[in-house]
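Enquirer: I would like to see how this sequence folds:
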Amino acid sequence: MDELKPILLLIGSGILMRFSLIFTGQAWAKSHAQTVTFMILPIITYVITKTISGNIALSLGMIGALSIVRFRHPVKSALELVIYFALITIGIATSVKIKWAIQLIVAAVLIIFFVKIFQNFLKKYGKTFYSSSFNEGSSTNTIEIVARNKISLVEDSNFLVSSFDNNSEKNIIYRLSFENKDELKNFKNNLNEKDIEKINIIYN
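Expert: Numbering: from 1, shown residues only. Predicted coordinates:
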């Protein structure tokens with residue numbers, strides 16, 4: 001019964017971390033594989049730490065066995081790697097002192113929420129705390145604008161992710177990323193379409 005409490009804590013920490021990431025727009029955490037990983041990884045680390053604690057020979061053997069294990073899928077972002085490391089650390093901390101694990105869980109979840117809330121707060125004043133990336137796995141809405149001339153509204157936008165001056169076609173390609181569909185729609189409505197050749201929109 002005593003061992004059941006840390007196991008439940010570890011499963012709960014994985015689920016809490018997953019929902020925190022999804023709530024803040026990290027789409028990569030929604031998949032079945034990530035959900036299972038979040039729940040199992042802390043338990044695996046906890047069991048390994050408990051097993052090898054106080055036994056040097058077993059520790060060396062376990063290190064050798066684990067050295068052949070590799071993640072075969074590419075890590076999508078630095079955040080994904082940090083979350084894996086946090087889950088492993090939670091498993092280790094639980095085997096030593098549960099209080100440390102709880103402190104790490106609370107700190108990680110608070111930071112995830114704080115960054116998102118602070119970003120939304122700054123957006124009200126036309127500023128940004130971080131920029132969105134098409135490669136980081138975030139759940140964003142994107143718009144691609146092909147224009148004949150430079151558009152100052154787009155050039156000065158905080159939502160602008162990239163721009164490409166296509167000399168061969170004599171046009172400019174803009175890519176912008178929005179976390180909110182309404183923000184994208186409002187931005188599109190404010191565009192002067194006389195200099196625009198094409199607009200592509202992807203909603204997530």
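
Enquirer: continuing past the one helix or strand Asn186 maps to, what's the next helix or strand?
Expert: Assigned by DSSP states H and E, Asn186 falls within helix 181-189. Remark: after helix 181-189, the chain's next helix or strand is strand 196-202, criterion DSSP H and E.

Enquirer: quick check: angle from that following strand to helix 181-189?
Expert: Using axes from the mean of the first three to the mean of the last three CA atoms, to 10 degrees, the direction of strand 196-202 lies 170 degrees away from that of helix 181-189.

Enquirer: list the buried residues for strand 196-202?
Expert: By 16 or more other CB atoms under 10 Å, the buried positions in strand 196-202 come out as Ile196. Using the backbone N, CA and C atoms, a C-beta is placed for each residue, glycine as well.

Enquirer: so in that sheet, which strands flank that strand, and in what orientation?
Expert: Paired neighbours of strand 196-202 in the sheet (DSSP bridges): strand 141-147 (antiparallel).

Enquirer: give the next helix or strand downstream of the strand it pairs with.
Expert: Next along the chain after strand 141-147, taking DSSP H and E as the criterion, comes helix 152-155.

Enquirer: now that following helix, how far from the centre of its chain.
Expert: Remark: helix 152-155 is offset 28 Å from the chain centroid, using CA atoms, centre = their mean, to the nearest Å.

Enquirer: what about stretch 26-40, how long is it end to end?
Expert: 20 Å (CA to CA, to the nearest Å).

Enquirer: buried ones in that stretch?
Expert: By 16+ other CB under 10 Å, the buried positions in stretch 26-40 come out as Gln26, Trp28, Ala29, Gln34, Thr37, Phe38, Met39.

Enquirer: now do the helix holding Asn186: which elements does it pack against?
Expert: strand 141-147, strand 171-178, strand 196-202 (3 or more CB pairs under 8 Å, 6 or more residues apart in numbering; DSSP states H and E).

Enquirer: could I get the ones you listed as TSV with distance to Glu3?
Expert: Output for the helices and strands packed on helix 181-189, formatted as TSV (distance: least, CB to CB, whole Å):
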stretch	distance to Glu3
strand 141-147	46
strand 171-178	46
strand 196-202	47
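
Enquirer: counting by contacts, list what the helix or strand hosting Leu8 packs against.
Expert: Take DSSP H and E as the rule and Leu8 turns out to sit in helix 4-23. With contacts taken as 3+ CB pairs under 8 Å, 6+ apart, helix 4-23 sits against helix 32-52, helix 78-96, helix 98-123.
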